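A.B. asks: here is a sequence together with a model predicted from it:
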Amino acid sequence: MKTSSALASLRQHWPFGIVVLIGAVFIFTNLGTDYLWEDEGDTAALASNVLKFGVPKAWDGASFLDSDHGARLNRDLVMVTHPWVQYYLAAGSFLVFGENTFAARFPFTLAAWMSILLVYVFVWRSTGNRWAAFSASALLVLSVQFLLYARQCRYCALNMLLICWLFWIFFKLKSARDCALFVLSAVLLFHTHPYGLAPVVALGGLSFIHRPLVTQRRWIMFAAPAVAVLTLPWLALSSLASSGSALNTTAAESLGEFFERCTQAIIEASSVTPLIGTVVLLLIAAFWRRPKNRTATSSASPEPNETALLETNEMSILLAVLATVLLYGLATAITQSSDSLWLAGMRYASAVLPLAAIAAGIVIAKVSRGNSVTLFALLVVFGFTKLAQLTPWVAANPSGLFKIGKYSVGAHVPEKLVDRFLGSGLLKYVGDLWRENSGTVARSCKFLRENAKPGDVLIVNYGMEPTYFYTRLPQAMGILPQYSVYQRARELGLPDFVFGVDHARWIVWRSAWETGPGYAINDVLREIAEHGGKIVTVMEMEETVWENREDIHFHRFSDGSYLFPRTQTFPASRIARVDWPNE
């Protein structure tokens, strides 16, 4: 009887089974085909060094790898600015599957896929409404931005999984065990990315002002000190040991600039999630459900259809989502300029994506009132069009630029009119699952693997980490005298080629990053010529900038197209061979 009862219970969730299967296809298909792009290469290269040294060192005896010119490193050249969870997770995957593209991405894609499961279970267990749970998980799977984050060797997918776990634990926080799990999920979220403290503060603060969460309040008072002890020292130590935090964050210089940043943060969140549609749908539903004026002789007791639109748990979840979204926006606005937010998108606040799907799923289910036609119609609107996002509502301004006095913010407006209203990005994403998205990194690495000899020294002005991950060629000119770690690197006895051209055999010069590392191509050519080297260009290739960029607004598809206008194009990049006398 128990077995048949369990099977009957599972059968009622069959629609979710379809969603989770589609999600698996979208996330795992040909995971190792496309080369890692620059930020992914950073994670993979440092994870590889974790296997060698136990910590994410930027120097492994052959190449120095830190795209921030050593600002993120301590005196032992160990990464200390960014927490380490992503590096150890990738290192564990390398240990099992070997050091390859699939292994680099697999644990993060698994985390993203598990977040689909957790979204469903959380909403179903918290509200008792399996159609709300189905809607939330379906919207997550249909989000191109979620899918792009899911297939990255980077912290974004971990943020999305851990925020779902944090919410689940918070809403059943009634015991010491739950309290310990809340601390664990909060600490892991922080050590995935420091902005992970934002949802912890949001949920803790809400428990003190929202009466239905009074039970959680008691346990939050126990959890808060433990979370602080296990997170805040990292911020202090990383700030003392490196200058990376100061380099990658900027404070607003005026109240107007801070408002500009907050506005940009709202634009980024509402451009890739259905937050606007959720709010509008909720307001419409609340207006329609307002009771009509009754006569004095009418009964004072409410009719069944006059009950509250949302149950207590549902209201608490929506308030928690709102508080978390606002805190993430505040955290990013405090530390990032509006230009930086425009470029980074939701990278730092990727946890907002599953939360927005949860909120939308709950509201869609409540508004549909059990009517499957209404529910699926709303899912089509939210999942296959952009009407629930900001994009269509700024479509009349193709530039996306909005000025407020001396301040300005930028919305992301697709180049084609149809893309401003329909979710055509999903079709392009699915089509790319079976095609290689080969860009500059892939082409240069393939050439070097075919033509370079082991031990050949390479100069590359951008994409050092993925290039080293795929070729294992030592890299010259990795540390210049103006870098903060220059003197320390000299003290540690790094070889001469790290500081100059020293018999470099190959040059990969990316045109989009002409002076990125602090020197231009003419500086390289002059120094090589002074040392007697001769340079011959052997290959030119299209400069694709970021071919596998995780932000949909800058993502390049395999056919070379972009959904959003490219801000700039560049001349061809090139590979050159250097010949030295007597060699």
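C.D. replies: That came through, no problem.
A.B. asks: can you give me the strands for the stretch 51-200 of the chain?
C.D. replies: For the stretch 51-200 of the chain, applying DSSP state E, counting those that start in this stretch gives no strands.
A.B. asks: in space, what's closest to F167 - neighbours in sequence excluded?
C.D. replies: F122 (6.1 Å; C-beta to C-beta, 6 or more residues apart in numbering). Every C-beta, even on glycine, is put in place using the N, C-alpha and C of the backbone.
A.B. asks: correct me, but that neighbour touches I358?
C.D. replies: Yes - between F122 and I358 there is a contact at 7.2 Å, judged by C-beta atoms under 8 Å.
A.B. asks: so for the two, which sits in the more crowded spot?
C.D. replies: Neighbours were counted for F122 and for I358 using other C-beta atoms under 10 Å; I358 has more, 31 against 24.
A.B. asks: excluding chain neighbours, what is closest to that one?
C.D. replies: A136 (4.8 Å).
A.B. asks: now that neighbour: how far from L275?
C.D. replies: A136 is 14 Å from L275, where distance means C-beta to C-beta, to the nearest Å.
A.B. asks: neighbour-wise, which of those two wins?
C.D. replies: Neighbour tally, A136 and L275, criterion other C-beta under 10 Å: the higher count belongs to A136, 30 against 23.
A.B. asks: rewinding a little: contact partners for the residue nearest to F167?
C.D. replies: The contact partners of F122, taken as C-beta atoms under 8 Å, 6 or more residues apart in numbering, are A133, C164, F167, W168, F171, I358.
A.B. asks: if we use 7 Å, what do you get?
C.D. replies: C164, F167, W168 (C-beta atoms under 7 Å, 6 or more residues apart in numbering).
A.B. asks: quick check, pLDDT for it.
C.D. replies: Reported pLDDT at F122 in the predicted model: 97.
A.B. asks: name the residues that touch whichever strand or helix holds E527?
C.D. replies: When elements are assigned from DSSP states H and E, E527 belongs to helix 521-530. Identification of contacts with helix 521-530 by C-beta under 7 Å, 6+ apart yields I459, G500, V501, I507, W509, E514, I535, V578.
A.B. asks: among those residues, who's most crowded?
C.D. replies: Busiest of the contacts of helix 521-530 [other C-beta under 10 Å] is I459, holding 26 neighbours.
A.B. asks: what does the helix or strand encompassing it contact?
C.D. replies: Assigned by DSSP H and E, I459 belongs to strand 458-460. Contact with strand 458-460 is made by T467, L473, P474, Q475, A476, M477, V501, A504, W506, I507, V508, V524, as judged by C-beta under 7 Å, 6+ apart.
A.B. asks: any idea how far that strand is from the chain center?
C.D. replies: The chain centroid and the centroid of strand 458-460 are separated by 29 Å under C-alpha atoms, centre = their mean, to the nearest Å.
A.B. asks: what sits against G400?
C.D. replies: Taking C-beta under 7 Å, 6+ apart as the test, what G400 contacts is V394, G410, A411, H412, V413.
A.B. asks: need the contact list for the residue nearest to the first one when sequence neighbours are not counted.
C.D. replies: With sequence-adjacent residues excluded and distances taken as C-beta to C-beta, 6+ apart, V394 is closest to A411, at 4.4 Å. Listed by C-beta under 7 Å, 6+ apart, the contact partners of A411 are I267, S271, L390, V394, G400, F402.
A.B. asks: which ones are touching the last one?
C.D. replies: I take that to be F402. Going by C-beta under 7 Å, 6+ apart, the list of residues near F402 reads S408, V409, A411.
A.B. asks: next: the first one.
C.D. replies: With contacts defined as C-beta under 7 Å, 6+ apart, I267 is in contact with L390, V409, A411.
A.B. asks: go again using 6 Å as the cut-off
C.D. replies: Residues near I267 by C-beta atoms under 6 Å, 6 or more residues apart in numbering: V409, A411.
A.B. asks: swap in the second one?
C.D. replies: With contacts defined as C-beta under 6 Å, 6+ apart, S271 is in contact with L390, H412.
A.B. asks: list the buried residues for the helix or strand where it lies?
C.D. replies: Take DSSP H and E as the rule and S271 turns out to sit in helix 255-272. Residues 257-272 are the ones in helix 255-272 that count as buried (16 or more other C-beta atoms under 10 Å).
A.B. asks: quick one: buried residues of the next helix or strand after that helix?
C.D. replies: Going down the chain from helix 255-272, the next helix or strand is helix 275-288, by DSSP H and E. By neighbour count on 16+ other C-beta under 10 Å, the buried set for helix 275-288 is L275, I276, G277, T278, V279, L281, L282, A285.
A.B. asks: mind putting the residues you listed in CSV, pLDDT included?
C.D. replies: Output for the buried residues of helix 275-288, formatted as CSV (pLDDT from 0 to 100):
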residue, pLDDT
L275, 97
I276, 97
G277, 97
T278, 97
V279, 96
L281, 95
L282, 93
A285, 86
